[in-house]
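Engineer: Please work out how this folds:
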Amino acid sequence: MNIEPLFTGNDLQLIESLQYNPELKPSFDWMRDCLVWKDERPDGLTPAGYESLIDLWIARSFIHRGKSFSEHSLDPHYFEDVWKRALNQGFQWPGFSRLTLSDEEREFYKQEKLAASKNEF
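Structural biologist: Sure, this is the predicted structure:
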């Protein structure tokens, strides 16, 4: 496992400055097949910081879908490594408060995924 921190410097400060808002509704990121809430995305991240954030959303999507990280077809260990690095770093991020979807969020995900699959080429 890679032991480097997932976020450092200003990226870490931006992530930790986010405030969890349980009233928000998610949006669906069809390219990454995941749900994202507005309070999980700070402005001003470096490109590397934003890539790490995207990886966290994707890793969390495995948890949302009840799937093992090892089911990723391209690199079965990558997202598990990202998730463990984030947890081991111990930073505060609103996304860690959303590991379980409500029935409404689960239905939203299902409907958005269905709509996205109809639009694939």
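Engineer: After the lengthiest helix in the chain, which helix or strand is next?
Structural biologist: As assigned by DSSP state H, the longest helix anywhere in the chain is helix 47-64. For helix 47-64, the following helix or strand on the C-terminal side (DSSP states H and E) is helix 78-89.
Engineer: what residues does that following helix touch?
Structural biologist: 1-7, 52, 55-56, 58-60, 62, 69-70, 72, 93 (Cβ atoms under 8 Å, 6 or more residues apart in numbering). For the C-beta atoms, the positions are set from N, CA and C on the backbone; glycine is no exception.
Engineer: what about burial for those residues, which qualify?
Structural biologist: Neighbour-count burial (16 or more other Cβ atoms under 10 Å) applied to these gives 5-7, 52, 55-56, 58-60, 62, 69, 72, 93.
Engineer: ok, of these, which one's closest to P22?
Structural biologist: Using Cβ to Cβ, W93 is the member of those that sits closest to P22, with 14.5 Å.
Engineer: if I look at the residue lying closest to that closest one once chain neighbours are set aside, how far off is Q89?
Structural biologist: Counting by Cβ to Cβ, 6 or more residues apart in numbering, W93 lies nearest to I15, which is 5.5 Å off, once chain neighbours are set aside. Using Cβ to Cβ, to the nearest Å, I15 is found at 10 Å from Q89.
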